[in-house]
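> structure for this input, please:
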Amino acid sequence: MSNSIASNRSTLKEFLASIATIQGDLSNITAPPFVLGGFSTAELPQYWADHPSLFVAPALGKDAQTRALLVLKWFLGSLKNQQYAGRNEEDGVKKPLNAFLGELFLGQWNHGSIGETRLVSEQVSHHPPVTACYLWNDKHGIRAEGFTQQEITFSGSVSIKQKGYAVLRIEEYEEDYLIPVPNVKVKGILGRTPYPELVGTYSIISSTGIVSEIKFKGKGLIGSGSKNGFEARTYSLDTPNSNLYVVSGSWNGNFTIENAKTGEVDVFDTNAQKSIPITVPDRSEQDPWESRRAWSSVIDALGRGDMKGTAEAKSVVEEGQRKMRKDEEAQGKSWKRMFFQQQQSDPLFDKLSAACAESFTVDPKGGIWKVNKQTIQSMQKPFHGNLTPTGQANAQSQGDSDGHTEIPESPKVQSEANGVIVYPNGHKEVLAEEAVEKQAGQASHEESIQDAYIEEMLRAKYQSAQRQ
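Numbering: from 1, shown residues only. Okay, here's the model as predicted:
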């Protein structure tokens, strides 16, 4: 069975027809495997720091104005990889796997004089889906924490409303920056190459009283504007009509930074910035709750183009999670988050957002999530004892001196030497060698672009039905 859109055209049409009949918010619908990427939404926060030099740069600024500009530059320079999940734009995008409650993604970057930058990401809610993350670099005294919740609707095009925010902290100067999470509209969904456009006006607000206002413009319906375009200005709240810097261009290409006082202009090329892959432990050394190990059978099945195996492996995790939630409800318990805790309010957010409240949306159902630094400092595997994401207790972990646990493997197919694929239910499928190789290859440009948001559409509408 092929994992290409072209080979699953009728199924794709059925999905588009089904979402056209549903009103409201989409979330957590199980979509066909051929639209999936081999990574989870819990991994996406890594793209806020896969250019470590941009992340730590604000801590090196000599004055408040420069630091505010460097925060803006980091924010804009991170958007492309955020939206394309680290893939090349010409390769298109794939829909991430829906992270399960308690899923973790841990890693770090070690890069020359920048030192070590670390990331902890955790799925803190599943209904609604909320991912929380914490990034930090102790050498340069800079850290950021935040959370995001998505509400996705479809009415001919896909609209992704982001709820949440982040706070970046520069320790040496005791400065805080309130960071927005922009809304996204997926354009060209009925064409050959759908692409994301950021929409709306947002502000990055500093505790020093300096604000960076960003207006995402994009390409209009009649061809006006430019793809992924924006205009931004940095100013002081004391003198809101006097610009410090003016920035404009494309967040997935070049943009110019002009010093409004001196007229000096600098050009920043996002494509020239080298993305440094995050370092994570080998899969065998990861905790069962870490993304790449938890979804290992799904990732492997996707890699070899095995759509039936993908669906079966994915179902093992999803069914295990459903059972865990039912058991918790029956016992009057709730899932205990590992590294983040929910708060009723955030005084710092209230204070800073007052300057531009329209830039931020927080859903009370999704909650406000803040990092628990004590658990970060004392993190030790196994994170949940011998419990695995499938809801099964793993006896092997009880006797492992190194804390290593094994997740019960999801149903896998077995390949025989003669090219026969044997599924767990006994079904056999004969594949020619060249067909196997073709299935294991990368998805085509058209396929990967059009796959991107199909499950997003389905995912979000189901949640709307549940909330009603």
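> end-to-end on stretch 296-312?
Length of stretch 296-312, first residue to last, C-alpha to C-alpha, to the nearest Å: 13 Å.
> mean confidence for that stretch?
The average pLDDT for stretch 296-312 rounds to 91.
> list the buried ones in it?
The neighbour-count check on stretch 296-312 (16 or more other C-beta atoms under 10 Å) flags 296-302, 304-312 as buried. Quick note: C-beta positions are derived from backbone N, CA and C, even for glycine.
> ok, now stretch 141-157?
142-154, 157.
> tell me the one among the buried residues of stretch 296-312 nearest to residue 49.
The shortest approach to residue 49 among the buried residues of stretch 296-312 belongs to residue 299, at 22.7 Å (C-beta to C-beta).
> count of neighbours near the spatially closest residue to the closest one that is not a sequence neighbour?
Excluding its sequence neighbours, the residue lying closest to residue 299 (C-beta to C-beta, 6 or more residues apart in numbering) is residue 38, at 4.4 Å. Number of residues near residue 38 (other C-beta atoms under 10 Å) recorded here: 17.
> equivalent analysis for residue 393, please.
Here the number of neighbours of residue 393 (other C-beta under 10 Å) works out to 12.
> how about the contacts made by it?
Contacts of residue 393 were listed using C-beta atoms under 8 Å, 6 or more residues apart in numbering, and they are 386-387.
> roughly how far apart are it and residue 328?
Using C-beta to C-beta, to the nearest Å, residue 393 is found at 15 Å from residue 328.
> who are the packing partners of the helix or strand where residue 203 lies?
Using DSSP states H and E, residue 203 falls within strand 195-206. Counting contacts by 3 or more C-beta pairs under 8 Å, 6 or more residues apart in numbering; DSSP states H and E, strand 195-206 packs against helix 64-84, strand 175-179, strand 183-187, strand 210-216, helix 347-353.
> just checking: what are the partner strands of it?
Strand pairing for strand 195-206, using DSSP bridges, gives strand 175-179 (antiparallel), strand 183-187 (antiparallel), strand 210-216 (antiparallel).
> give me the buried positions along the last one.
When you say that, I think you mean strand 210-216. Buried residues in strand 210-216, counting neighbours by 16+ other C-beta under 10 Å, are found at 210-214, 216.
> can you give me phi and psi for residue 122?
When read as degrees, to the nearest 10, the backbone of residue 122 gives phi -140, psi 140.
> is it correct that it is in contact with residue 147?
No - Residue 122 lies out of contact with residue 147 (C-beta atoms under 8 Å); the separation is 9.5 Å.
> okay, and the common contacts of the two?
Counting by C-beta under 8 Å, 6+ apart, the common neighbours of residue 122 and residue 147 are 131-133, 340.
> show me the shaky parts of the stretch 201-350 of the chain.
For the stretch 201-350 of the chain, the stretches with pLDDT under 70 are 220-225.
> take the shared contacts of residue 122 and residue 147 and keep only those in strands.
Judged by DSSP state E, the subset of the shared contacts of residue 122 and residue 147 located in strands is 131-133, 340.
> strands of the stretch 301-450 of the chain, residue ranges please.
For the stretch 301-450 of the chain, applying DSSP state E, counting those that start in this stretch gives strands covering 340-343, 368-371, 414-415, 420-422, 428-430.
> swap that for the stretch 101-250 of the chain, please
104-111, 115-126, 129-137, 142-154, 158-170, 175-179, 183-187, 195-206, 210-216, 229-236, 239-250.
> what pLDDT, on average, does the second one get?
Pointing back at strand 115-126 there. Strand 115-126 carries an average pLDDT of 97.
> burial of the closest residue to residue 251 other than its chain neighbours, as a residue count?
In space, residue 251 comes closest to residue 79 once its chain neighbours are excluded; the distance is 4.3 Å by C-beta to C-beta, 6+ apart. Counted with other C-beta under 10 Å, residues neighbouring residue 79 total 22.
> let's test this: what are the backbone torsions at residue 265?
phi -120, psi 130.
> distance to residue 372 added to the helices and strands packed on strand 195-206, as TSV?
Rendered in TSV, the data for the helices and strands packed on strand 195-206 read as follows (distance: least, C-beta to C-beta, whole Å):
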stretch	distance to residue 372
helix 64-84	25
strand 175-179	19
strand 183-187	29
strand 210-216	30
helix 347-353	16
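> and those: which comes nearest residue 319?
Between residue 319 and these, the tightest spacing by C-beta to C-beta is seen for strand 183-187, at 29.8 Å.
> can you pull the buried residues of the closest one?
Within strand 183-187, the residues that qualify as buried are 183-187, counting by 16+ other C-beta under 10 Å.
> pretty sure residue 232 is touching residue 75, no?
No - if you go by C-beta under 8 Å, residue 232 and residue 75 don't touch, sitting 9.4 Å apart.
> follow-up on the earlier one: residue 275: which of the buried residues of stretch 296-312 is nearest?
Using C-beta to C-beta, residue 299 comes nearest to residue 275 of those, at 20.5 Å.
> doesn't the closest one belong to a strand?
No - counting by DSSP: H, G, I helix; E, B strand; the rest coil, residue 299 is located in no strand; its state is helix.
> from residue 183, how far out is it?
Distance of residue 299 to residue 183, computed by C-beta to C-beta: 29 Å.
> with residue 245 instead?
24 Å.
> residue 374 - how many residues pack around it?
Residue 374: 9 surrounding residues under other C-beta under 10 Å.
> now it: how far from residue 340?
From residue 374 to residue 340 the distance is 12 Å (C-beta to C-beta).
> repeat for residue 185
Separation of residue 185 from residue 340 (C-beta to C-beta): 29 Å.
> likewise for residue 255?
From residue 255 over to residue 340 the distance is 33 Å, taken as C-beta to C-beta.
> more neighbours: which of those two?
When residue 255 and residue 340 are compared on other C-beta under 10 Å, the one with more neighbours turns out to be residue 340, at 25 against 22.
> so for stretch 75-86, what's the average pLDDT?
On average, stretch 75-86 scores 92.
> run the chain-centre distance for that stretch.
10 Å (C-alpha atoms, centre = their mean, to the nearest Å).
> can you check stretch 299-309 too?
Here stretch 299-309 shows a centroid-to-chain-centroid distance of 22 Å under the convention C-alpha atoms, centre = their mean.
> that one: end-to-end distance?
Start to finish, the residues bounding stretch 299-309 are 10 Å apart (C-alpha to C-alpha).
> which parts of stretch 345-362 are buried?
Judged by neighbour count (16+ other C-beta under 10 Å), stretch 345-362 contains these buried residues: 346, 349, 352-353, 356, 359-362.
> of those, closest to residue 58?
Of all the buried residues of stretch 345-362, residue 352 has the smallest distance to residue 58: 15.8 Å, by C-beta to C-beta.
> from residue 130, how far off is the closest one?
Residue 352 is 21 Å from residue 130, by C-beta to C-beta.
> residue 53 now?
Using C-beta to C-beta, residue 53 is found at 29 Å from residue 130.
> which one of those two is surrounded by more residues?
Of the pair residue 53 and residue 130, residue 130 is the one with more neighbours under other C-beta under 10 Å, namely 26 against 17.
> what pLDDT does the more buried one get?
Listed pLDDT for residue 130 reads 97.
> likewise for residue 35?
For residue 35, the predicted pLDDT is 66.
> residue 11 now?
Per-residue pLDDT puts residue 11 at 54.
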